[in-house]
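> show me how the following folds:
(one chain, ligands or ions: 1)
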Amino acid sequence: MYEVAPLLDDPIHNLKTIRDLYRWAVTEMENANLSYGHGSPTSTEDASFLICRALKLPFERFDMFLDAALTHNELVRLVHLIDRRVHDKTPTAYLLKEAWLTGHRFYIDERALIPRSYIAELLEEDLAPWVADPEAVGSVLDLCTGSGCLAILAKGCFPHAAVTGSDISADALEVAKINRRDYDLDDELELVQGDLYENLQGRKFDVIISNPPYVTTRSMDALPEEYRHEPSLALAAGEDGMDVVERIVSEAADHLTEDGILIVEVGDGLEAVESLFPDLPITWLSVSGGDDQVFLAHAKDLREYFRN
Ligand SMILES: C[S@@+](CC[C@H](N)C(=O)[O-])C[C@H]1O[C@@H](n2cnc3c(N)ncnc32)[C@H](O)[C@@H]1O
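Modelled structure (predicted):
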């Protein structure tokens, strides 16, 4: 039996149906001033998602189940989860051990960043201008792969490519291995532990994607509590947030094939990137729904720029 304090004291006796629990959860969440940067964008979505998935109900049909009665065990379990969401500020994805990205489900726990990269949308929809024939892409590297979410989506986008995901964190790679197994990709997705390009034996890739850490020291201090549940290794990247990005870009030419491309997410780091690499030809890719920025660079331009 869970030990449930202090939320349970009062309300549990009055919560009979999913609707009762949902209304109460939304009120508790709104009073707690939570951050919604990890998936569901509002308290109503966060509460309904948490309740649905914890009860294994289909999220898109939540309305149909609102009048269903809750058993005592279900109620205790859900109140406990909502208690952790409200008081520990644990992101819902970590409570449920699942995150959704472009309609795909990924296992997640606190060893890895909760999947939310904008590169996922590009992979699903928007790479056509730069990759004429996805079927012809032979190799993809997902640097800083974390949970492996982007590497797995890349496998879907480039069906004939050998995909490699690399990360410095052994913990994160354990999460990636779970996702690799869930997607039945044990034989098709290679996972490598190392500091960026280390341990890739000088191999070259047609496409390198990366959602690296890019939070500045100052922003780290101001992040909502929810972010403190994520590994700081996945977020923090020095004074200007460019510690890892700088190395990814400056070493990329050695790891790209002749016509290869590099795609990197940098948050609101547009100015920082342009001041680090003035005159490097890069294309900023607009991704719907956020300030986050992703850029693309061609191998030939990187080679030329870093020739000396
Ligand atoms: C922002 S998370 C991205 C995870 C995943 N790609 C995603 O989009 O959800 C950044 C990842 O970079 C890894 N990382 C940080 N520094 C690294 C380094 N020097 N070399 C390789 N990986 C690194 C972290 O362990 C973390 O998993």
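
> so who does the closest residue to residue 97 other than its chain neighbours touch?
Spatial nearest neighbour of residue 97, excluding adjacent residues (C-beta to C-beta, 6 or more residues apart in numbering): residue 109 at 5.6 Å. To be clear about C-beta, it is placed using only N, CA and C from the backbone, and glycine gets the same treatment. By C-beta atoms under 8 Å, 6 or more residues apart in numbering, the contact list for residue 109 reads 94, 97, 175.

> enumerate every residue touching the second one.
Pointing back at residue 97 there. Going by C-beta under 8 Å, 6+ apart, residue 97 touches 107, 108, 109.

> so what sits opposite the first one in the bridge?
Each beta-bridge partner of residue 107 is listed here, defined by DSSP bridges: residue 98.

> let's have the chain start at 23 instead
With the count now opening at 23, the last piece we talked about shows up as residue 129.

> quick revisit: any chance of the contacts of residue 119 in JSON lines, with distance to residue 41 and pLDDT too?
Output for those, formatted as JSON lines (distance: C-beta to C-beta, whole Å; pLDDT from 0 to 100):
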{"residue": "129", "distance to residue 41": "30", "pLDDT": "98"}
{"residue": "130", "distance to residue 41": "28", "pLDDT": "98"}
{"residue": "131", "distance to residue 41": "30", "pLDDT": "98"}
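
> pLDDT score for residue 225?
If you check residue 225, the pLDDT there is 96.

> the helix or strand that residue 272 is a member of: how far from the chain's middle?
For residue 272, the host element (DSSP states H and E) is helix 265-274. Relative to its parent chain, helix 265-274 has a centroid offset of 20 Å by C-alpha atoms, centre = their mean, to the nearest Å.

> burial of residue 36, as a residue count?
Residue 36: 8 surrounding residues under other C-beta atoms under 10 Å.

> identify the residue spatially nearest to it, adjacent ones excluded.
residue 42 is the one closest to residue 36 (C-beta to C-beta, 6+ apart), at 6.7 Å.

> so who does the residue in the stretch 73-222 of the chain that the ligand sits nearest to touch?
Nearest residue of the stretch 73-222 of the chain to the ligand: residue 168, at 2.4 Å (C-beta to the nearest ligand atom). Residue 168 sits next to 134, 135, 137, 189, 191, 194, 197, 198, 233, 256 when contact means C-beta under 8 Å, 6+ apart.

> do residue 171 as well
Listed by C-beta under 8 Å, 6+ apart, the contact set of residue 171 reads 121, 123, 126, 128, 137, 139, 142, 201.

> now do the second one against residue 156, distance only.
Translated: residue 123. According to C-beta to C-beta, to the nearest Å, residue 123 and residue 156 sit 19 Å apart.

> can you name the helix or strand that residue 214 falls in?
Per DSSP H and E, residue 214 falls inside strand 211-215.

> so which other helices or strands are in contact with that strand?
If you count contacts as 3 or more C-beta pairs under 8 Å, 6 or more residues apart in numbering; DSSP states H and E, strand 211-215 packs onto helix 171-179, strand 184-189, helix 192-204.

> for my notes, confirm residue 163 occurs in a strand.
Yes. Under DSSP: H, G, I helix; E, B strand; the rest coil, residue 163 sits within a strand.

> can you check the pLDDT for it?
Looking at residue 163, the pLDDT reads 98.

> rewinding a little: mind checking the SS state of the residue nearest to residue 36?
Quick answer, by three-state DSSP: residue 42 is helix.

> counting neighbours, what do you get for it?
Applying other C-beta under 10 Å, we find 17 residues neighbouring residue 42.

> pretty sure it is touching residue 48, no?
No. Between residue 42 and residue 48 there is no contact under C-beta atoms under 8 Å: 11.3 Å.

> pLDDT weak spots in the stretch 223-330 of the chain?
309-314, 330 (pLDDT under 70).

> interface residues of it facing the ligand?
233, 234, 235, 255, 256, 266 (C-beta under 6 Å from any ligand atom).

> can you redo these as TSV with secondary structure?
Formatted as TSV, those follow (three-state DSSP):
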residue	secondary structure
233	coil
234	coil
235	coil
255	helix
256	helix
266	helix
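
> buried by neighbour count, from these: which ones?
Among those, the ones that count as buried by 16 or more other C-beta atoms under 10 Å are 233, 234, 235, 255, 256, 266.

> my read: residue 62 touches residue 114, true?
Yes. In this structure residue 62 lies within contact range of residue 114 using C-beta under 8 Å: 6.4 Å.

> now the common contact residues for the two.
The contact sets of residue 62 and residue 114 overlap at 68, 71 (C-beta under 8 Å, 6+ apart).

> more neighbours, those two?
More crowded of residue 62 and residue 114, by other C-beta under 10 Å: residue 114, with 27 against 19.
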